[in-house]
Each structure stands twice: as C-alpha cells, then as structure tokens.
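Visitor: got a predicted model here, sequence first, then my questions.
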Amino acid sequence: MITNKHDLVIACDPRGRIQSVIRADARYGLEGLVGQSIRELCEPHVRSKLGRFFREITRHGVALSWELALRLDGQYFVMNAFGLFRHGQIYIMASDSPDNILQLYDELLLVVNAQNVEIRKLQQREASLKHPDAADRAALEDFMKLNNELVTLQREMALVNKRLSKQERRLRRLLQKSPDMMFVQDAENQVIYLNEVGLGFIGADTNYRSRPFCLAFEASRDRELTLMTAGGLLALELRTAKIEFDGRMTTLVSLRDVSVRMQIESLREDIDRISRHDLKSPLNAIIGLPQVLLENENLDPEQREMISAIMESGYRMLNMINLSLGLHQMERGVYELTPVPVNLLGVVGNVQKELASLSERLGVGVVVASGQGAADETMPYLIHAEELLCHCLLSNLLKNAIEASPRGANVHVEFRRGTCCDVFIHNLGEVPAALRLTFFDKYTTFGKKMGTGLGTYSAKLMARTMGGDVSVDCSQPGKTQVRVSLPWCQTALEQSEEKHEISHRR
C-alpha cells in the first residue's frame, strides 16, 4: 500500500466539478469539496495551467507528466499529475513523487480487479435470469476496456518517467563536471542548483538548498564582469540560457574565468605594438632613399616613375602598419574615425595600378566603368571616409576577384549613384557553397595556399566603421558580385557636380 500521504485520485466532470474522491488521505478533508470546482484546490497563479491540462485531457483522452500546485491539508504541494478522460468523466491522479504515480496505478488496478470479480458474480446471477439487463453487460465491457487502457498507459508512463529521469541525471552530471561556475535560478532568482565550482567560488556549503539565496549580476555590453577578489581582479564571462529543471522553467547561468585569456590578449597587443615599431625602422630607408635619388637630374622619366612607385609603396606599407592597430580598435568598437572627402574613383585607380603586376601575371584584366558606361574621371565620386581605409578595403576585394577569375577574363568595377556611393565588383568564378554563409567571417578561406581568411573580414569591418557595408551576391551561376556601399560627401559632391555642369556648358 502507498504510505506517502500526498497522493490523490479524484473524478471530475468536464467542467472541473469534483464528482467523487477515489483515493486520498483522510486528513485532507476533500470529501467536503465534492460538487465544487477543482480550481479551488489549485494555487491561483497555476489556474490557467489547470485549464490547459483539462483541454489536453479532453482533446487527446490522456495527459501525462504535468505539475500542479494543489492545496492539501491547509498548504500547497507541487504534485505530478496524470489525467484520463473516459465516458464523460475526467480522472485525475496526483502525487508529490513521479514514482508514486506508478504505485497509484498498481493500487487502482487492484481496486479494478476486485470490481471485476464482483461484476462477474453479478453476470452469473444475470445469466440465470430469463431477461438479463443489457445495460449491465455494456457497462462491464466498457469497464474492462478501461482497465486494459489503464494498463497500457501505466507502461507508457513508466517509460516516460524513466527517460526524463535519465535526461535529468545526465544534465546534472554535465553541470557538475563543468570547469565553469554553473548555477540554476528559479523565477524569483533563488539559486536551486549550484555545481562544485560554484560552491567554492561563493563559499557556500552543500546545504544551500535549505537556505535559499539569490545571486544578482549586471553584465556589460560584451557580457564580461570584473570582480575584485582577495587575489586581485578577476575577469568573468557571463552566459545565460532558459532550461527546464526539476520540472519547471529556470535560468541557467554560467560564469567562466577569462582572466588568463585577457592577460594573453594584453600581451599580444604589447607584442603587436613592439613589432609595428620595429618594422617602421627599415621603412625609413625605403622611403628616404628614393627621395634622395629623385634629386638627381640625370634620371629619365621612366626611372623617376619607378623610384616614385618604390617611395609610394613604402608610404603605403607604413600606413598599413599603422592601420593594423586601427583594425584591433575597430573590432573593439573604439576606433576614432576621421572622415574627409575622398575621391573613390581615384582610390580605385591607385588600387588598379598597385595590382597591375598581379593582373598581368594571372592574365586577368580590370575594367572600371560607371552605370552609364566608362567612368568619367572629371566627375569624381566623393565620399565621406578615410582614404587609407578605402584603399585597403578595395585592394582586398579587388585582389580576391582577380585571383578567383579564370585566365583571359576581366574583372569589372562599376560605380552607381544612389542613396550611397555603390561600387560593384564582378568576376567570373563562384564562391564555394561551403563558404557562402561565412564569406565575411574571420579566418574564412578556400583554395589559397597562403590565404589568411582576413581579407573579406577586414573589408567589411572597415566599411562598417565608415558607416557603410559590404555584401556578396552568388545568385548567378558561375559569377560573383561584391557590393561596397559608402556614404556620400554631400557638400563636396554638390560643388563637384556644379563645376562639372559649368564645364560642360562652356
């Protein structure tokens, strides 16, 4: 027999009126509630859940593994409930333990079997009469059918409870073995579970469940916390997720110690600064010597052009070294942009010259045009940006397009006027399907022996820093189109258009 006093079996009509109390402890005083609504037994905040419970029973004929807070013996208990709908009545079995549900089934089956014996006796007496009652035979058949269904549902319930128990044990093992501080909070932010790392972190003991407490955290935008401890500053990474724990919706909170990682990142920044400083020293000669050579009057124009190209490349390398620090600041969102009017058409021209040797070696041409045809150099495309960022951005994208194009093909660079200054880079060759969703992600590369996977990532980062964006279109088979959108410089653009119009009138 069941010894736990928090067990209950009642019968209700479809509206929730209690018809009879089949199984209950005598101290509950539930017999006096016959004829009243079961809503009176439920905790007020779960009455809507009770309505969903009844709807599922009447719709499907059965409802398994529900939790209801019922008032028994003057106080509320969270009960595991099972519902069954038969012949216009709803049978509800509830227990404060999932295991006791199965015991309730066993006890109910004993009662059913005893009733079956009595019904068979009545059936034998009925057979001796000349006019047996057909209604009693129909009732017996319905009762036997109900008995078989209860046995089937009992087996299904046992399997469901076994799976749920197994999943919860696995979750607890994973949380316990985690190297991070893991704790679970209920709707009132009270901690209902804490792993060993968490116990050591906050100095709690294993009896924390008997003394509920709350942990409140306020995370910054990057979801990192800095705490002062006896050992110094401690950097923590905060993560949260909604999970079902102990049969209710809770919040799982994870706190990971990232102090070592922060120290490594700080050390990496120091190394980067030292490396940039050391790289600048040999550049002094690369930039300074061409200036000295250009002072000689015995140089022909071709030699002067070659020396000037060396000097310009040196300056560009110097700017790129300085830009490497800027990229790190862009990732952190602290880069200070200094925008000026920039002729984007001129930037593309400089990039085209810079990549001329690569184009010639790979046998790929570069054609620059506007939406109406060949680009008009007298009509500059003035944008509000930093020229160095624009140069690096377009150089990365155009270099990728040249390297991806087959020999003998052309890469088309097209300017279009709209709400932004749009530059479209078209090339033959498809982006591999595996890379299309991660085209602009960090370290994404394919088929390049020396590829770092930073070109498209840095291009998008720089475009967004300047208030624009970069996107890729792979919808046309065998082709790839990259779109760069950057904001116009309105004042300079209006002045340029006015001068252009005056020159045409003359």
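Guide: Arrived safely.
Visitor: and the strands in the stretch 201-350 of the chain?
Guide: Using DSSP state E, counting those that start in this stretch, the strands of the stretch 201-350 of the chain run over 224-229, 232-245, 248-257, 340-343.
Visitor: of these, which stretch is the most buried?
Guide: Comparing those by mean neighbour count (mean count of other C-beta atoms under 10 Å), strand 340-343 comes out on top with a mean of 18. Every residue, glycine included, has its C-beta placed from N, CA and C.
Visitor: put the alpha carbons of that one into PDB.
Guide: Extracted C-alpha coordinates of strand 340-343, given in PDB (Å, rounded to 0.1, in the frame of the first residue of the first chain):
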ATOM      1  CA  VAL A 340      37.300  63.700 -45.100                       C
ATOM      2  CA  PRO A 341      36.100  64.000 -48.700                       C
ATOM      3  CA  VAL A 342      37.600  61.100 -50.600                       C
ATOM      4  CA  ASN A 343      37.500  60.600 -54.400                       C
END
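Visitor: sec struct for residue 68, please.
Guide: strand (DSSP: H, G, I helix; E, B strand; the rest coil).
Visitor: wait, what's in contact with it?
Guide: By C-beta atoms under 8 Å, 6 or more residues apart in numbering, the contact set of residue 68 is 42, 46, 49-50, 53, 78-79, 81, 94.
Visitor: so of these, which ones are in helices?
Guide: 49-50, 53 (DSSP state H).
Visitor: now a PyMOL select for only the buried ones of those.
Guide: To isolate the buried members of those in PyMOL, using 16 or more other C-beta atoms under 10 Å:
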select buried, resi 50+53
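Visitor: and the helix or strand where residue 56 lies, what does it pack against?
Guide: Residue 56 is part of helix 47-60 when elements are defined by DSSP states H and E. For helix 47-60, the packing partners by 3 or more C-beta pairs under 8 Å, 6 or more residues apart in numbering; DSSP states H and E come out as strand 62-72, strand 75-86, strand 89-95.
Visitor: of those strands, flag the one that's most buried.
Guide: strand 89-95 (a mean of 22).
Visitor: what sits closest to residue 402 if chain neighbours are left out?
Guide: residue 364 (4.9 Å; C-beta to C-beta, 6 or more residues apart in numbering).
Visitor: do residue 390 as well
Guide: residue 347 (4.9 Å).
Visitor: isn't that neighbour up against residue 389?
Guide: No: taking contacts as C-beta atoms under 8 Å, residue 347 lies outside contact range of residue 389: 9.9 Å.
Visitor: could you list the low-confidence segments of the stretch 401-506 of the chain?
Guide: Across the stretch 401-506 of the chain, the ranges flagged by pLDDT under 70 are 443-454, 490-506.
Visitor: just want the angle from the lengthiest helix in the chain to strand 232-245.
Guide: As assigned by DSSP H, the longest helix anywhere in the chain is helix 134-177. Per axes from the mean of the first three to the mean of the last three C-alpha atoms, to 10 degrees, the angle that helix 134-177 makes with strand 232-245 is 170 degrees.
Visitor: next SSE after helix 134-177?
Guide: In N-to-C order, the element after helix 134-177 by DSSP H and E is strand 181-185.
Visitor: that following strand: how far from the chain's middle?
Guide: Centroid displacement of strand 181-185 relative to its chain, using C-alpha atoms, centre = their mean, to the nearest Å, is 20 Å.
Visitor: need the CA coordinates for the helix or strand following that strand. CSV is fine.
Guide: Using DSSP H and E, the next helix or strand after strand 181-185 towards the C-terminus is strand 191-194. Provided in CSV are the C-alpha atoms of strand 191-194 (Å, rounded to 0.1, in the frame of the first residue of the first chain):
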residue,chain,number,x,y,z
VAL,A,191,19.5,29.5,-6.6
ILE,A,192,18.1,26.0,-6.7
TYR,A,193,21.3,24.3,-8.0
LEU,A,194,25.0,25.1,-7.8
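Visitor: state the mean pLDDT of strand 191-194.
Guide: Here strand 191-194 scores 78 as its mean pLDDT.
Visitor: show me what that strand is packed against.
Guide: On a contact count with 3+ C-beta pairs under 8 Å, 6+ apart, strand 191-194 meets strand 181-185.
Visitor: buried stuff in the strand it packs on?
Guide: 181-185.
Visitor: just stretch 11-28 next, same as before
Guide: Neighbour counts over stretch 11-28 (16+ other C-beta under 10 Å) mark 11-12, 16-18, 21-22, 24, 28 as buried.
Visitor: let me see the contact set for residue 6.
Guide: Here residue 6 is in contact with 25, 72, 77, 79, 95-97 (criterion: C-beta under 8 Å, 6+ apart).
Visitor: quick revisit: restricted to strands, list the buried residues of stretch 11-28.
Guide: Counting by DSSP state E, the part of the buried residues of stretch 11-28 found in strands is 11-12, 18, 21-22, 24.
Visitor: now those residues as CSV including pLDDT and distance to residue 327?
Guide: Formatted as CSV, those follow (pLDDT from 0 to 100; distance: C-beta to C-beta, whole Å):
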residue, pLDDT, distance to residue 327
11, 84, 72
12, 88, 68
18, 87, 71
21, 81, 73
22, 77, 73
24, 74, 71
